[in-house]
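>>> Compute the structure for the input listed below.
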Amino acid sequence: MYQYSRFRRLGELLFRQGLVSLSAGNLSMRSSDTMYITASGSFLGDLKFNDIVEVPLEPRGRIYSYSDSSGKASVEAVVHRNIYLNTPHRAVAHGHAPNALALAAFADSVRFEDAEGSLSVPEVPVITVGN
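Down below sits the predicted model:
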């Protein structure tokens with residue numbers, strides 16, 4: 001079984017740091033052939049036990065519509081599953097930082113000028129989808 005306390009603690013931290021707002025962003029954790037992911041519409045800053053959905057890693061139909069007694073899995077479940085199937089990673093935190101989203105609306109790329117950012121990821125392109 002997944003560790004609810006870890007989901008709750010990380011969700012609270014991401015919210016307090018301004019890296020997610022309301023129901024934006026999601027968390028997941030892999031355990032053997034199963035992943036546990038936040039339900040669609042769950043609030044990371046105040047996760048409840050029933051906000052976590054158990055999803056098999058091997059696809060059975062459309063994963064983003066998978067649901068259990070807790071609710072419907074996040075639409076990002078496909079991305080999380082692909083990370084688990086193609087890497088050794090056992091957890092994913094996917095934020096939607098409001099400031100980053102606002103900046104992306106007006107920029108072609110984001111440059112990091114702090115010491116850590118400039119060394120590890122000096123620039124990230126902004127990708128637009130559709131017209």
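>>> G95 and P56, how far apart?
From G95 across to P56, the span is 25 Å (Cβ to Cβ, to the nearest Å). For the C-beta atoms, the positions are set from N, CA and C on the backbone; glycine is no exception.
>>> actually L13, not the one I wrote
For L13, the distance to P56 - Cβ to Cβ - is 28 Å.
>>> Over to T87?
From T87 to P56 the distance is 18 Å (Cβ to Cβ).
>>> One more: N99?
Per Cβ to Cβ, N99 is found 36 Å from P56.
>>> for M29, which residues make a bridge with it?
Y36, A91 (DSSP bridges).
>>> F43 reaches L22, doesn't it?
Yes: in this structure, F43 is within contact of L22 by Cβ atoms under 8 Å, at 6.2 Å.
>>> neighbour-wise, which of these two wins?
F43 (17 against 12; other Cβ atoms under 10 Å).
>>> on that earlier part again, neighbour count: N99 and P56, which is higher?
Neighbour totals were compared for N99 and P56, and P56 leads with 12 against 9 (other Cβ under 10 Å).
>>> can you pull the pLDDT of that one?
Looking at P56, its pLDDT is 85.
>>> ditto for the one 4 residues further on
With respect to pLDDT, R60 has a value of 62.
>>> pLDDT of stretch 7-22, averaged?
Across stretch 7-22, the average pLDDT comes to 88.
>>> can you tell me which residue is nearest the centre of this structure?
Geometric centre of the chain, nearest residue: H94, 2.6 Å, by Cα atoms, centre = their mean.
>>> No further queries at this time; thank you.
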